[in-house]
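1. got a sequence here, can you build the structure:
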Amino acid sequence: MKGGLASSSAPRTLFSLLAFLLFLLLAGALLPRIVPEEVTPTMPLVTPPSTALETVEIGGTQLRAPSDFKAFVEKAKKKEVEVRINAWASLLPQEVITFSSLVSQFMREYPGVAVSYRSVAAGIVGAVKASVRAGDPESAAHVFLSSHDRLGELAEEGLVVSLTRVMARETLEDLRTFFLPSTYNATLYKLHVYGLPLAVESLVLACNAELTRGVLPRTFAELEEIMRRHHAPERGRYGIAWQVSPYHVYPFVSAFGGFYYDEEKDAIGLNSAGTVEGYRFFFSRLLPYSFDGNASQEEQLSLFEQGKVPCAALDQAGLTRVKEKVKNLLVGPLPEVEGRKPKPFVYVKLIMITAAAEESKERLYASLLFALWLALNDKALWYLVNDNDVAPAKLSMADFVKRRGELYPIPLAMLSSASSGTLVPKSPKMVKVWGALSAALFDMITVYNERGREEALRRIAPLLERAQREALG
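-> Okay, here's the model as predicted:
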């Protein structure tokens, strides 16, 4: 019978199943577990060091590093190695003197590494690209200083070294704790670390205390009152010096919740409601008090130096220039806009290592050593703060500036502005965004100058809509 067959075979089937399960358990206990490397869930982002980790001190800062790197550092101190590296930087004239001095200090401490320093007046990224692509590791840049905003294209083209790939995970973990979080974030691109942060820069408000009765405006309403009081074009006086560019308009865009490009969401927002509102605010509430919408940065700075405007929105280069001529200078973060805090764009100056440095392990290690020494050395950073008003990215020096703010008003203002600012996106997509937005802003200014404010305000939304399409195209 069908039922009888099923009943009589059940005990044998159960016994066979239990025996098979027991075999699997014994096999699992006796045989090694093999997991393919590519699916290991805890696989580190970096290649594990081939040697044990040790503590190494560079620039007065201790961090964990592979023993072979520490051995190289010790040999460089004793001149038991001889390596030459090329360091390039685009610096202001007064910064060149300080940087050259720091290079000399480094070579005295590490005589085994000769650093050939070159100052690149402009277009440093293009110069570095050309030097690496030329294929001559002796003449190419090995270390260079540049703003983080071009990092994306450099990484995509394989021209800069990923520290995630060449340094131990523990070394990177230590490094992360030494810098302001936002500045360390500037080194990240597609889960890799490129370079070390040196300094931060953003827009700040600078005022001539003699013309503002000692007031540094904290709100736009206060600034507007000062602008209104001083604006007299017929006498060659104006309410504000504020350059017209997408970078300089962005604080108002951010205050109203707008954005140009959201790197996390991979979204372009040139036609977003907040962007439109920010541009409308700029054209209706600030531009009427300025000298000329087409005025260059040079013209804006000259007006401020000559006492023809009470306040100006300035970056690091502008502040460095005017501080010698405007004796009663007040500096601070940009004022709130109708209760909203602006989030100006922030640039982080990075020390990056090029692919040309990987020509040999010694050259790579020498480049890493120089970059680490410059980024981690409080004494070296003090010279940049004290002599050049640089806002440091290293936490210990940023705290130093905050504690002694009365001695370092410009670095303090930069740090304050940057703390609430927005990192300039690193994505190569920003090339199209900047181009489309600059063209739209040029047309806005043209309409403003030729047909008046009201027509310019009416054209803002359509022009930003056009810029959005161009940036997406």
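2. any weak-confidence spans in this protein?
-> Residue ranges of the chain with pLDDT under 70: 1-51, 293-294.
3. rerun at 90
-> Along the chain, the model assigns pLDDT under 90 to residues 1-52, 90-95, 121-122, 291-298, 317, 320, 324, 327, 473.
4. with adjacent residues omitted, what lies nearest to the residue nearest the centre of it?
-> Centroid-nearest residue in the chain, with CA atoms, centre = their mean: residue 348, separated by 3.0 Å. Nearest non-adjacent residue to residue 348, counting by CB to CB, 6 or more residues apart in numbering: residue 186, 3.8 Å away. Heads up, the C-betas are built off the backbone N, CA and C, glycines and all.
5. same question for residue 459.
-> Per CB to CB, 6+ apart, closest to residue 459 is residue 447, 5.2 Å.
6. now the one you found: which helix or strand?
-> helix 430-451 (DSSP states H and E).
7. count residues in the vicinity of residue 181, would you?
-> Close neighbours of residue 181, defined as other CB atoms under 10 Å, add up to 10.
8. which ones are touching the residue nearest to residue 348?
-> 148, 151, 197, 348, 350, 423, 426 (CB atoms under 8 Å, 6 or more residues apart in numbering).
9. picking up where we left off before, from residue 265, how far out is the residue nearest to residue 459?
-> 31 Å (CB to CB, to the nearest Å).
10. among these two, which residue is more densely surrounded?
-> Of the pair residue 447 and residue 265, residue 447 is the one with more neighbours under other CB under 10 Å, namely 20 against 9.
11. show me where the stretch 201-350 of the chain has strands.
-> Along the stretch 201-350 of the chain, the segments classed as strands by DSSP state E, counting those that start in this stretch run 204-208, 261-262, 267-268, 311-314, 329-332, 345-353.
12. Serialize these to CSV and add fields for distance to residue 320.
-> Compiled in CSV, the strands of the stretch 201-350 of the chain are given as follows (distance: least, CB to CB, whole Å):
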stretch, distance to residue 320
strand 204-208, 11
strand 261-262, 29
strand 267-268, 33
strand 311-314, 9
strand 329-332, 11
strand 345-353, 14
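13. tell me which of the ones you listed sits nearest to residue 155.
-> strand 345-353 (9.6 Å; CB to CB).
14. so what does the closest one touch, helix or strand wise?
-> Counting contacts by 3 or more CB pairs under 8 Å, 6 or more residues apart in numbering; DSSP states H and E, strand 345-353 is packed against strand 143-147, helix 151-156, helix 181-185, strand 196-202, helix 361-376, strand 422-423.
15. pick the most deeply packed of those.
-> strand 196-202 (a mean of 25; mean count of other CB atoms under 10 Å).
16. what about residue 391, how many neighbours?
-> So residue 391, with other CB under 10 Å, has 30 neighbours.
17. give the contact list for the residue nearest to it when sequence neighbours are not counted.
-> Spatial nearest neighbour of residue 391, excluding adjacent residues (CB to CB, 6+ apart): residue 414 at 3.5 Å. Residue 414 makes contact with 200, 201, 202, 204, 316, 389, 391, according to CB under 8 Å, 6+ apart.
18. farthest pair within the residues you listed?
-> 202 and 389 (13.2 Å).
19. can you pull up the bridge partners for the nearest residue to residue 314 once chain neighbours are set aside?
-> In space, and not counting its chain neighbours, residue 314 is closest to residue 206: 4.9 Å by CB to CB, 6+ apart. Counting by DSSP bridges, residue 206 forms beta bridges with residue 312, residue 331.
20. residue 93 versus residue 206, what's the distance?
-> Distance from residue 206 to residue 93, by CB to CB: 20 Å.
21. neighbour count: the two, which is higher?
-> Neighbour tally, residue 206 and residue 93, criterion other CB under 10 Å: the higher count belongs to residue 206, 25 against 9.
22. the more buried one against residue 310, yeah?
-> No. With contact defined as CB atoms under 8 Å, residue 206 does not reach residue 310; the gap is 9.9 Å.
23. from the chain's centroid, how far away is stretch 355-367?
-> Between the centre of stretch 355-367 and the centre of its chain there are 24 Å (CA atoms, centre = their mean, to the nearest Å).
24. ends of that stretch, what's the gap?
-> 11 Å (CA to CA, to the nearest Å).
25. got a list of contacts for that stretch?
-> So stretch 355-367 is contacted by 69, 72, 76, 81, 83, 85, 113, 131-132, 137, 140-143, 158-161, 166, 353 (CB under 8 Å, 6+ apart).
26. just the buried ones from these?
-> Buried members of these, scored by 16 or more other CB atoms under 10 Å, are 69, 72, 76, 81, 83, 85, 113, 131-132, 137, 140-143, 159-161, 166, 353.
27. quick one: which of those sit in helices?
-> 69, 72, 76, 131, 132, 166 (DSSP state H).
28. ok, so of these, who is nearest residue 374?
-> Of all these, residue 76 has the smallest distance to residue 374: 14.6 Å, by CB to CB.
29. now the closest one. Nearest residue, chain neighbours left out?
-> Nearest residue to residue 76, sequence neighbours excluded (CB to CB, 6+ apart): residue 112, at 3.8 Å.
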